[in-house]
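> fold the following, please.
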Amino acid sequence: MGLIFIGRIAQAVLALLALRIMTSFLTPEEMGRWSLLLATSSFFVLATVNPLGMFINRRLHAWVEQGKINRYMTYYSIYLVLVALLAVFILYVSNPFYIAVPGMPLFWVGSLVACSIIFATLNQTYIPALNLLGYRGLFITLTLGTVALGLIVSVLLVSLWKPEAELWQAGQLAGQGGLAVIGGLLFFRLARAHKANQSDREGLLLSSAKMLSLYTFVWPLAISVLLTWIQSQSYRFLVQDVIGLQALGLFVVGYGVSASLIGVFESIVSTYFIPSFYKQTSSENRHEQALAWREYAGAMLVSLLISIAVIISVSGELAHVLLDIKFAQAAQYIIWGALAEAARVTVATYALAAHAAMDTKKLIVPNVIGAIAAPMFVFLLVSIWSAHGVGMGLVLAGFMAVVSSHFVLSRSFEIIMPWTKLLFAGITALALIVLAYVGHAVVGSSETMVASLLWLSGMGGILLLILFAYLKPYIYRVGG
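Predicted structure coming up:
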């Protein structure tokens, strides 16, 4: 666990450094364009690739032990190329009717979306697969290498040419692509050590039974993740004409601060507990699956509550340290981002119960509710409260998705919630917010960089100590 914490904290430092550097080079308007580019790429990835990646994670150990992984990963790579070509075709055909990223040449949009589908996906397939096989050191090293190389190339491109969103994203994809190649080579080499036997030629063919199993698992996920995209990212296209690219850029940056920080703690927990979760859920026993989900949910949701409390407590300091002065107004959106991301992580945690039982159809209803609620609330509230209305709409939709997830999944699966742990974590979270409020009232606001860093260091240290105390029992139970 220590290696994962150190690696993920290092990754967080690099990612936050990248955010600071990025906001130094790009204007709020360029950040708005960058957010639209990411939303366009993620639309195709979530709709066509992400569900297949989840299926690979679910079956990875079995394929490696049976010697089938090489053939299946070859099929996967071919599929990514076909999806990339399809995405480019759709973008060019739809461009006369709707421009996905205003002010960005279509050639750049198509090229970056295609490269994202291939390079970013392979990076997020091979490198996490090393962690699933138990090679945590390699996983952490390659993950850090991806962030570092992407940052270096992005800075070089925007420094030597123009500070534009497309050049920054090109640098990010260069880092992801380069480390994807290294990660893939290492994965295939190390996977041989886990192979229990050589499968025959017939076993490697995509039989109708295998395709049916794949289709049954994937199609509900494809619908649910596409609905998730509508809930979490479609607002960018909806409000760009109402509040403008500059305001959109400010909101996305403020939201992004919270999303980055919550993503760090989400990745720390999932990196350590996901391999154990998938191993335990390989059993067909529903009660064992429920117990495995309780361990994962307890660790994830406890971490989430504490992390949100700290982010809310130091939102001003976070903006002061992490963002360039021209993005100072983005600080007011950090809290909205924390609350909306909390809902997203909670829904994703519930979704793993359906993954464990291989019954992903149960994910559709909660995502339909979130996908309908988010655009509706955002559309109604943005005209009244501008960008704050976007935040309110996303939070309300997220809350509805959480409630519906619990209601739908608890009727079909044995959902065992760690209520006692969550209660104590909630009390701790409230205590942290009160502590920060009193501290600000006594000491005053952090108007200098040094004061902000001191506040962040203190609260960050408290956060890590509390998280370790809460997660320690879970670590021991999963064999840490």
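> Met392 against Phe379, yeah?
No - counting by Cβ atoms under 8 Å, Phe379 is not a contact partner of Met392; they are 11.8 Å apart. Quick note: C-beta positions are derived from backbone N, CA and C, even for glycine.
> more neighbours: which of those two?
Between Met392 and Phe379, Met392 has the larger neighbour count (other Cβ atoms under 10 Å), namely 20 against 16.
> how about that one, what does it touch?
By Cβ atoms under 8 Å, 6 or more residues apart in numbering, Met392 lies in contact with Trp336, Phe377, Leu381, Trp385.
> sec struct for it, please.
Of the three states, Met392 takes helix according to DSSP: H, G, I helix; E, B strand; the rest coil.
> could you check the pLDDT of it?
With respect to pLDDT, Met392 scores 97.
> list the contacts of Ile466.
By Cβ under 8 Å, 6+ apart, the neighbours of Ile466 are Ile306, Thr428, Leu432.
> out of the residues you listed, who's the most crowded?
Counting by other Cβ under 10 Å, top hit in these: Ile306 with 24 neighbours.
> that residue against Phe424, yeah?
No - counting by Cβ under 8 Å, Ile306 does not reach Phe424; the two are 10.5 Å apart.
> got the phi and psi for Ala100?
Main-chain torsions, Ala100, degrees, to the nearest 10: phi -60, psi -40.
> which helix or strand contains the residue lying closest to it once chain neighbours are set aside?
Nearest residue to Ala100 in three dimensions, chain neighbours excluded: Thr40, at 4.8 Å (Cβ to Cβ, 6 or more residues apart in numbering). Here Thr40 sits within helix 28-48, counting by DSSP states H and E.
> figure out how far that helix is from the centre of its chain.
Here helix 28-48 is found 14 Å from its chain centre; the criterion is Cα atoms, centre = their mean, to the nearest Å.
> before we move on, what about stretch 376-395?
Using Cα atoms, centre = their mean, the offset of stretch 376-395 from its chain centre is 23 Å.
> next, the buried residues of it.
377-379, 381-382, 387, 389-395 (16 or more other Cβ atoms under 10 Å).
> also stretch 401-413?
So, applying 16+ other Cβ under 10 Å, buried residues of stretch 401-413: Ala401, Val402, Ser404, Ser405, His406, Val408, Leu409, Phe413.
> repeat that for stretch 362-369.
Per 16+ other Cβ under 10 Å, stretch 362-369 contains these buried residues: Lys362, Leu363, Ile364, Val365, Pro366, Asn367, Val368, Ile369.
> redo those residues as TSV? Include pLDDT.
Output for the buried residues of stretch 362-369, formatted as TSV (pLDDT from 0 to 100):
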residue	pLDDT
Lys362	80
Leu363	79
Ile364	83
Val365	88
Pro366	89
Asn367	86
Val368	91
Ile369	94
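> of the buried residues of stretch 401-413, closest to Ala10?
When those are compared for distance to Ala10 (Cβ to Cβ), Val402 wins out at 31.2 Å.
> report the distance from the following helix or strand past the helix holding Thr40 to the chain centre.
Scanning forward in sequence from helix 28-48 by DSSP H and E, the next helix or strand is helix 50-66. From the chain centre to the centre of helix 50-66 is a distance of 19 Å (Cα atoms, centre = their mean).
> now stretch 91-110
25 Å.
> for that stretch, measure first residue to last.
Distance between the two ends of stretch 91-110: 7 Å, counting by Cα to Cα, to the nearest Å.
> for the record, mean pLDDT for it?
91.
> what of stretch 162-182?
96.
> show me what counts as buried in it.
Of the residues in stretch 162-182, those buried (16+ other Cβ under 10 Å) are 164-180, 182.
> same deal with stretch 288-295?
So for stretch 288-295, counting by 16+ other Cβ under 10 Å, buried means Gln289, Ala290, Leu291, Ala292, Trp293, Arg294, Glu295.
> among these, which are in strands?
Among the buried residues of stretch 288-295, no member is found in strands (DSSP state E).
> between those residues, which sits nearest Ile243?
Distances from Ile243 to the buried residues of stretch 288-295, taken by Cβ to Cβ, are shortest for Trp293, at 39.7 Å.
> so who does that closest one touch?
Phe277, Thr281, Leu352, Ala353, Ala356, Phe413, Ile415, Ile416.
> residues contacting the second one?
The contact partners of Thr281, taken as Cβ under 8 Å, 6+ apart, are Glu288, Gln289, Ala292, Trp293, His355, Ala356.
> ok, the first one touching Lys279?
Same thing as Glu288. No - using Cβ under 8 Å, Glu288 is not in contact with Lys279; the gap is 10.8 Å.
> assign a three-state SS to Pro96, would you?
coil.
> tally of neighbours for it?
7.
> relative to Ile127, how far out is it?
For Pro96, the distance to Ile127 equals 39 Å [Cβ to Cβ, to the nearest Å].
> from His388, how far out is Ser412?
In terms of Cβ to Cβ, Ser412 sits 37 Å off from His388.
> the buried residues of stretch 288-295 into CSV, with extra columns for pLDDT and distance to Arg344?
Compiled in CSV, the buried residues of stretch 288-295 are given as follows (pLDDT from 0 to 100; distance: Cβ to Cβ, whole Å):
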residue, pLDDT, distance to Arg344
Gln289, 80, 23
Ala290, 82, 23
Leu291, 81, 25
Ala292, 82, 22
Trp293, 87, 18
Arg294, 86, 20
Glu295, 85, 21
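> Leu227 and Val83: what is the separation?
19 Å.
> and for Ser404?
30 Å.
> try Arg71
Relative to Val83, Arg71 is positioned 19 Å away (criterion: Cβ to Cβ).
> same question, Pro96
Pro96 is 23 Å from Val83, by Cβ to Cβ.
> ok, the closest residue in space to Gly298 that isn't next to it in sequence - contacts?
Nearest residue to Gly298, sequence neighbours excluded (Cβ to Cβ, 6+ apart): Pro418, at 3.7 Å. Taking Cβ under 8 Å, 6+ apart, we find Pro418 in contact with Arg294, Ala297, Gly298, Leu301, Val302.
> which residues touch the first one?
Under the criterion of Cβ under 8 Å, 6+ apart, the contact list for Arg294 reads Ile416, Met417, Pro418.
> now the second one: phi and psi?
Think Met417. Main-chain torsions, Met417, degrees, to the nearest 10: phi -90, psi 140.
> pLDDT value on the closest residue to it other than its chain neighbours, please?
Using Cβ to Cβ, 6+ apart and skipping the chain neighbours, the partner closest in space to Met417 is Ala297 (6.9 Å). At Ala297, the model reports a pLDDT of 88.
> which other helices and strands contact the helix or strand Val181 falls within?
Taking DSSP H and E as the criterion, Val181 maps to helix 165-191. Helix 165-191 sits against helix 28-48, helix 69-94, helix 106-115, helix 121-132, helix 136-160, with contacts defined as 3 or more Cβ pairs under 8 Å, 6 or more residues apart in numbering; DSSP states H and E.
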